[in-house]
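# Here is my input; please provide its structure:
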Amino acid sequence: MRNVYVLALVAYAAFSLTDSSVKAAGSHLSVFETAFLVNVFAAMTLLLTRHPDEQWRDFWRIDRPWAVHGRAVCGLVASLCGVYAFTTIPLAEAYALVFLAPLFVTIMSALVLKEQVGPWRWSAVLVGFVGVLLVVKPGYQAFEWGHLAAVGTGIGTGSAVIILRGLGGRAKTTSILGMLVSYLLVMNAIMMCFLGVRVPTLREAALLCLAGVSYGLGQWAFVLAARHGNANQMAPMHYSQLAWAVLFGAAIFGEYPDALAIVGLAVIGGAGLFTVVRERIRHEQARKTEANGRRHFS
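Here you go, the predicted model:
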């Protein structure tokens with residue numbers, strides 16, 4: 001279980017670095033060109049993460065094609081929405097809305113995967129949702145397209161977690177990642193042909209290179225975590241991005257959340273940490289019960 005938490009933390013830390021790098025690159029390039037360049041560098045990085053028993057040239061040999069293609073579509077939606085959100089609204093607000101993903105994961109894990117979700121987990125998710133409202137403050141400030149895009153990122157990310165969990169180990173890592181990158185490169189290239197291409201500056205190219213490398217490593221860790229854990233284990237780790245949102249937002253972009261937003265971020269983080277502790281206690285109790293059962297029948 002610990003490996004799942006570590007892999008999920010690494011994945012979300014890498015995604016945070018990607019988001020910050022994209023935001024720092026600015027909106028001089030179109031959303032599609034930005035996403036295309038990021039994923040070119042991500043693809044180069046993913047070439048180094050191949051499983052020893054798999055070959056990248058065989059990524060198109062898919063055991064569960066509908067699920068793998070569905071995961072790629074979810075990744076495409078999350079990527080494009082994320083680029084737009086992080087380049088148009090403050091990091092803290094974007095992350096607060098992206099953190100609706102655990103709510104979607106919990107609902108879908110119960111309805112789709114038929115996983116057991118207890119009252120403590122539901123309560124933590126609802127408390128986290130209250131925290132999101134405190135940060136975004138709907139009705140007290142303008143709700144822009146960037147906010148809606150951030151919600152789209154949360155939905156896409158949450159759906160990807162559910163699909164990966166449903167796949168388990170029945171699809172190759174190279175197929176899952178190779179198909180995702182293929183979708184991202186091809187669809188963004190097509191849109192670039194219609195909207196035109198601008199030559200990035202050296203600074204923009206360097207930032208997008210950093211974003212791509214981080215995204216590639218994050219996707220690799222994300223897939224491994226999903227294959228070895230369940231959706232409810234991974235969802236709380238999403239909250240670790242809150243610290244990066246505040247840190248990068250303040251240090252790089254001069255974005256300082258107000259007092260109410262800080263309270264909301266603390267509520268979101270607290271709900272996530274509570275879930276981690278609760279899951280660990282439940283796992284230990286189940287392990288002890290199983291061990292006692294074996295001793296009883298031995």
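
# which SSE is the spatially closest residue to residue 250 that is not a sequence neighbour in?
Of all residues not flanking residue 250 in the chain, residue 256 sits nearest, at 5.6 Å (C-beta to C-beta, 6 or more residues apart in numbering). To be clear about C-beta, it is placed using only N, CA and C from the backbone, and glycine gets the same treatment. Using DSSP states H and E, residue 256 sits within no helix or strand.

# if I look at residue 256, how far off is residue 197?
From residue 256 across to residue 197, the span is 36 Å (C-beta to C-beta, to the nearest Å).

# ok, residue 167 - contacts?
64, 67-68, 71, 176, 227 (C-beta atoms under 8 Å, 6 or more residues apart in numbering).

# closest to residue 205 among these?
residue 176 (28.0 Å; C-beta to C-beta).

# Within the helices and strands, which one has that closest one?
Going by DSSP H and E, residue 176 is part of helix 173-195.

# what's that helix packed up against?
Under the contact definition 3 or more C-beta pairs under 8 Å, 6 or more residues apart in numbering; DSSP states H and E, helix 173-195 sits against helix 31-46, helix 65-88, helix 202-228.

# ok, then the element right after the lowest-mean-pLDDT helix or strand in the chain?
Sorting the helices and strands of the chain by mean pLDDT, DSSP states H and E puts helix 231-237 at the bottom, at a mean of 65. Remark: after helix 231-237, the chain's next helix or strand is helix 241-251, criterion DSSP H and E.

# ok now that next one, how far from the chain's centre?
16 Å (C-alpha atoms, centre = their mean, to the nearest Å).

# cool, and stretch 102-120?
17 Å.

# Name the residues of that stretch that come out as buried.
Judged by neighbour count using 16 or more other C-beta atoms under 10 Å, the buried positions of stretch 102-120 are 102-106, 108-110, 113, 115, 117.

# Which helix or strand contains the residue positioned nearest the centre of the chain?
Centroid-nearest residue in the chain: residue 157, 5.0 Å away (criterion: C-alpha atoms, centre = their mean). Residue 157 is part of helix 145-167, with elements assigned from DSSP H and E.

# Likewise for residue 28?
Per DSSP H and E, there is no helix or strand for residue 28.

# where does residue 54 land on pLDDT?
pLDDT for residue 54: 59.

# And for residue 214?
For residue 214, pLDDT reads 92.

# ok, now residue 286?
64.

# burial count for the residue nearest to residue 250?
A total of 12 residues lie near residue 256 under the criterion other C-beta atoms under 10 Å.

# quick one on the thing from earlier: what subset of the contacts of residue 167 is buried?
Looks like the contacts of residue 167 have 64, 67-68, 71, 176, 227 buried, using 16+ other C-beta under 10 Å.

# what's the closest of the residues you listed to residue 48?
residue 176 (16.1 Å).

# Might you report the residue contacts of that closest one?
Applying C-beta under 8 Å, 6+ apart, the residues near residue 176 are 68, 71, 164, 167, 223.

# go again using 7 Å as the cut-off
68, 71, 223 (C-beta atoms under 7 Å, 6 or more residues apart in numbering).

# and the gap between it and residue 224?
10 Å.

# In terms of pLDDT, where does residue 146 sit?
We have a pLDDT of 89 for residue 146.

# Then the one 3 residues further on?
Per-residue confidence for residue 149 comes out at a pLDDT of 92.

# Kindly report the same for residue 118.
You'll see residue 118 listed with a pLDDT of 74.

# next one: residue 238
69.
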